[in-house]
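*Asks:* Here is the input, now give the coordinates:
(2 chains)
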Amino acid sequence: AQSVTQLGSHVSVSEGALVLLRCNYSSSVPPYLFWYVQYPNQGLQLLLKYTSAATLVKGINGFEAEFKKSETSFHLTKPSAHMSDAAEYFCAVSSLMDTGRRALTFGSGTRLQVQP
Amino acid sequence: EPEVTQTPSHQVTQMGQEVILRCVPISNHLYFYWYRQILGQKVEFLVSFYNNEISEKSEIFDDQFSVERPDGSNFTLKIRSTKLEDSAMYFCATQGGETQYFGPGTRLLVL
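*Replies:* Predicted coordinates for the structure are as follows:
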């Protein structure tokens, strides 16, 4: 069984401020972890992923996330927010299934607002 | 860059009608998925498909739903008799390596 908890359904930051979006996961097997971004009326775009290599993962648009097994966390950060970062962010976990493939389990999402 | 495409982008239907949502996967991807997102809620897994058969499905994916790849190109999700609660955004995803790539979605509204 696997699950994802995203703390904070809404986060508001000022332009130029640090962005921190929290994600905790639960998985009975070593997880693969993902962050996706969804802009209004659009699909899901992959920001970054952790697949058991480096624990600090860098993604697109200046985002990065660190896998911390002891804390079962995969928080998303960006040093300086831009107005264009306003969107909904989803953390997702996948685990190996009997078929060898992996369905994603998503968190509830965090809507990021960036104030000028 | 290859993309997953979905048609239609929007569909409005009457309760009880059948709908077919279509997806064109990224070529050479072999694993396909359907997810849905009810307005304001999280994205939920519906079904995965490999080698022309369902490999996994969630409890949401009941007998009203079916998937197929009729012509080796399109990957379709059929809802046999739509209900009001089927109103949602439906996303197709295909897997390359360990990453699932999502299409832009079909917004289904059941009246």
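
*Asks:* Geometric centre of chain B: which residue is closest?
*Replies:* The geometric centre of chain B, computed from its C-alpha atoms, lies nearest to residue B:34 (C-alpha atoms, centre = their mean), at 3.7 Å.

*Asks:* got the residues of chain A near chain B?
*Replies:* Taking C-beta under 8 Å from any C-beta of the partner chain, the part of chain A that reaches chain B is made up of A:32, A:34, A:36, A:42-46, A:49, A:51, A:90, A:92, A:94, A:97, A:99, A:101-109. From N, CA and C alone the C-beta is placed, and that goes for glycine too.

*Asks:* ok so, going back, elements contacting the host helix or strand of the residue nearest to the centre of chain B?
*Replies:* With secondary structure defined by DSSP states H and E, residue B:34 is part of strand B:31-37. In terms of contacts (3 or more C-beta pairs under 8 Å, 6 or more residues apart in numbering or on different chains; DSSP states H and E), strand B:31-37 is packed against strand A:104-106, strand B:19-24, strand B:43-50, strand B:88-96.

*Asks:* Could you confirm whether the third one reaches chain A?
*Replies:* Yes. Using C-beta under 8 Å from any C-beta, strand B:43-50 comes into contact with chain A via B:43-45, B:48, B:50.

*Asks:* Out of those residues, which is nearest to residue B:102?
*Replies:* residue B:43 (8.9 Å; C-beta to C-beta).

*Asks:* residue contacts, the closest one?
*Replies:* Taking C-beta atoms under 8 Å, 6 or more residues apart in numbering or on different chains as the contact definition, residue B:43 lies against A:44, A:90, A:92, A:104, A:106, A:109, B:35-37, B:91.

*Asks:* So in terms of bridging, what pairs with the residue nearest to residue A:106 when sequence neighbours are not counted?
*Replies:* With sequence-adjacent residues excluded and distances taken as C-beta to C-beta, 6 or more residues apart in numbering or on different chains, residue A:106 is closest to residue B:43, at 4.2 Å. Residue B:43 has the following beta-bridge partners by DSSP bridges: residue B:37.

*Asks:* quick check: mean pLDDT across whichever strand or helix holds residue A:4?
*Replies:* The secondary structure element spanning residue A:4 is strand A:2-5 (assigned by DSSP H and E). Predicted confidence along strand A:2-5 averages 90 (mean pLDDT).

*Asks:* which parts of that strand are buried?
*Replies:* Neighbour-count burial for strand A:2-5 flags A:2, A:4 (criterion: 16 or more other C-beta atoms under 10 Å in any protein chain shown).
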